[in-house]
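Peer 1: here you go, sequence then predicted model.
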Amino acid sequence: MERELVAMLPRLRRMARALCRDPEDADELVQDVCERALRGRAGFTAGTRFDSWLYRIMQNRWIDRCRSRKEEKGRLGLDQVAELPGADGRRQTEDHLTLAAVRRAIHDLPEDQRLALVLVTIEGLSYREAAERMAVPLGTLMSRLGRARRKLVSLLRDSCGRAVPQAGRSGP
Amino acid sequence: MTRIDDDLLMAYADGELSPEETARIEKLLARDAEARERVRLYRETAALARAAFASTLEERVPEALEERVREMARDDGRVVPFPAARRRVLRRLALPLAASLALLIGFAAGSRMQPESESALLARALERTPSGAIGPGEVLPLATLESADGGWCRRFERPRDGRVAQGIACREPDGRWRLVALLERKTNTAAGYRPAGGPGDPLSPLAERLGMQPVDEETEAALILGGWNPAAPR
């Protein structure tokens, strides 16, 4: 298992980075997950996905940590971002963002929304798979994912200041 | 005109709708610019979220972390013997050429991979999953390639029932993914870890022979972001 674990480290670190604001926390989480995996290796069913098993452990460890820490940081009362606006803000998100701003924005999301976003966009699960993983109905998953993404747009827009009009761009 | 529900647009952007629903939404989108922009935003947020953490995959794993994991593995190994089942662990990335080997060129997506949902899954994975991540149907895209005629292709793997399918698929102008090559091998778990794309992976030389050039991560992210539209702005 040592070899498989080491081979998985880059992907575990990626998910941990998405979940944890602080990169050191992220690596601590990865180490914690590896430790659990080694101790609990009997819990791994041969023939099933090793990576999914590790991701699941990570998800659970992360939730436990969050609960124990009760980090309220990052909850900025943005739960009310209702709907996506239309065309105007789009160019900004496309053209004026650094990935660092995206990372910050993701870390500012409430945990359940962040997890939904990570499972679907980064881990690449389908809605159904992600809903199962989070043990919530499909509709709940979708509402979390949708809120996460609408909020992301608005957070990104806030972090970028005013829209800069772009010339010579035409939509489809 | 009634405003199209956000969740529906998001599911459409993520390729989660049935063919019927997709067709219905596309009809509505055709005459609703505002809804099209919202679809775009959903695609962008997904692509941005992926891109934001993609660099972690390229980073060197801190030595201390890797060493710690190896140490824990060894300590644990002394206390608890490996379960016999370990031999059967599927190693997705580790497969040297083994017994069953069938290279099929010019294969139509779907005709091999069972019912229609299979090829839809594959297409969905190829369309939106960055290389190195696991997509719908456990499809793992490995690389994005530019074909000799300027089209886009992807190499991918998919483990299944003790075998792994490796393939190359190219995106048609109409948005469909066509399977160019498919190789199925038994997973030989007795052998050690060997990264896909390394020696022993026959699809790399094949891609080369077909004149396909790998693109970098940024280009790939932009393609996914832009819906594989070559005219999409970088």
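Peer 2: All right, it came through fine. Residues are numbered from 1 along each chain as shown, chains lettered A, B, ... in the order given.
Peer 1: I'd like the next helix or strand past the least confident helix or strand in chain A by mean pLDDT.
Peer 2: Every helix and strand in chain A was compared by mean pLDDT, DSSP states H and E; the lowest is helix A:90-95, with a mean of 38. Next along the chain after helix A:90-95, taking DSSP states H and E as the criterion, comes helix A:99-107.
Peer 1: is that following helix anywhere near chain B?
Peer 2: Yes. Using Cβ under 8 Å from any Cβ of the partner chain as the criterion, contacts between helix A:99-107 and chain B involve A:Leu99, A:Val102, A:Arg103, A:Ile106. (Each C-beta comes from the backbone N, C-alpha and C, glycine too.)
Peer 1: distance from that helix to the middle of the chain?
Peer 2: Distance of helix A:99-107 from its chain centroid, counting by Cα atoms, centre = their mean, to the nearest Å, is 10 Å.
Peer 1: give the buried residues for that helix.
Peer 2: Neighbour counts over helix A:99-107 (16 or more other Cβ atoms under 10 Å in any protein chain shown) mark A:Ala101, A:Val102, A:Arg103, A:Arg104, A:Ala105, A:Ile106, A:His107 as buried.
Peer 1: the most centrally placed residue in chain B pairs with what?
Peer 2: Of all residues in chain B, the one closest to the mean position by Cα atoms, centre = their mean is B:Pro141, 2.5 Å from it. Bridge pairing for B:Pro141 (DSSP bridges) gives the partners B:Phe156.
Peer 1: returning to what we had before: pLDDT added to the buried residues of helix A:99-107, as TSV?
Peer 2: Putting these into TSV (pLDDT from 0 to 100) gives the following:
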residue	pLDDT
A:Ala101	80
A:Val102	84
A:Arg103	87
A:Arg104	86
A:Ala105	88
A:Ile106	92
A:His107	91
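Peer 1: chain B: strands as residue ranges?
Peer 2: Ranges of strands in chain B, per DSSP state E, are B:102-105, B:140-146, B:152-160, B:163-171, B:177-186, B:213-214.
Peer 1: confidence-wise, which of these is weakest overall?
Peer 2: Least confident of those, judged by mean pLDDT, is strand B:102-105 with a mean of 30.
Peer 1: isn't A:Val33 right up against A:Met58?
Peer 2: Yes. If you go by Cβ atoms under 8 Å, A:Val33 and A:Met58 touch, sitting 4.7 Å apart.
Peer 1: can you pull out the helices in chain A?
Peer 2: Taking DSSP state H, the helices of chain A run over residues A:2-19, A:23-39, A:50-69, A:90-95, A:99-107, A:111-117, A:127-134, A:138-160.
Peer 1: shaky segments in the chain?
Peer 2: Since no chain was named, I'll use chain A. Residues of chain A meeting the criterion pLDDT under 70: A:66-98, A:156, A:158-172.
Peer 1: hmm, I had chain B in mind actually
Peer 2: Ranges of chain B meeting pLDDT under 70: B:1, B:76-118, B:161-162, B:184-202, B:230-234.
Peer 1: how far away is B:Glu26 from chain A?
Peer 2: Separation of B:Glu26 from chain A (Cβ to the nearest Cβ, to the nearest Å) stands at 12 Å.
Peer 1: name all residues that make contact with that residue.
Peer 2: With contact set as Cβ atoms under 8 Å, 6 or more residues apart in numbering or on different chains, B:Glu26 has no partners.
Peer 1: quick one: contacts for the most centrally placed residue in chain A?
Peer 2: Central residue of chain A (Cα atoms, centre = their mean): A:Val118, 2.9 Å from the mean position. By Cβ under 8 Å, 6+ apart, the contact set of A:Val118 is A:Met15, A:Ala18, A:Leu19, A:Ile106, B:Ala49.
Peer 1: with A:Leu38 instead?
Peer 2: Contact analysis of A:Leu38 by Cβ under 8 Å, 6+ apart lists A:Met1, A:Leu5, B:Met72, B:Ala73, B:Asp76.
Peer 1: quick one: the helices in chain B?
Peer 2: Counting by DSSP H, the helices of chain B are B:6-13, B:19-30, B:33-58, B:63-79, B:116-128, B:203-209, B:217-225.
Peer 1: looking at these, which is nearest to B:Glu157?
Peer 2: Nearest to B:Glu157, of all these, is helix B:203-209, at 9.2 Å by Cβ to Cβ.
Peer 1: how far does that closest one sit from its chain's centre?
Peer 2: Relative to its chain's centre, helix B:203-209 lies at 18 Å (Cα atoms, centre = their mean).
Peer 1: buried set for it?
Peer 2: Here helix B:203-209 shows B:Leu203, B:Ser204, B:Leu206, B:Ala207 as buried, counting by 16+ other Cβ under 10 Å.
Peer 1: pull the contacting residues for A:Leu99.
Peer 2: Here A:Leu99 is in contact with B:Leu48, B:Ala51, B:Ala52, B:Ser55 (Cβ under 8 Å, 6+ apart).
Peer 1: reformat those residues as JSON lines; add neighbour count and distance to chain A.
Peer 2: Converted to JSON lines, the contacts of A:Leu99 look like this (neighbours: other Cβ atoms under 10 Å in any protein chain shown; distance: Cβ to the nearest Cβ, whole Å):
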{"residue": "B:Leu48", "neighbour count": "25", "distance to chain A": "5"}
{"residue": "B:Ala51", "neighbour count": "23", "distance to chain A": "6"}
{"residue": "B:Ala52", "neighbour count": "26", "distance to chain A": "4"}
{"residue": "B:Ser55", "neighbour count": "13", "distance to chain A": "8"}
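Peer 1: any shared contact partners between A:Val33 and A:Met58?
Peer 2: Taking Cβ under 8 Å, 6+ apart as the contact definition, A:Val33 and A:Met58 share the neighbouring residues A:Leu12, A:Ala16.
Peer 1: can you put the contacts of A:Val118 in CSV and add distance to B:Val61?
Peer 2: Shown next, in CSV, are those (distance: Cβ to Cβ, whole Å):
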residue, distance to B:Val61
A:Met15, 14
A:Ala18, 16
A:Leu19, 17
A:Ile106, 22
B:Ala49, 22
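Peer 1: tell me the most packed of these, by neighbour count.
Peer 2: A:Ile106 (28 neighbours; other Cβ atoms under 10 Å in any protein chain shown).
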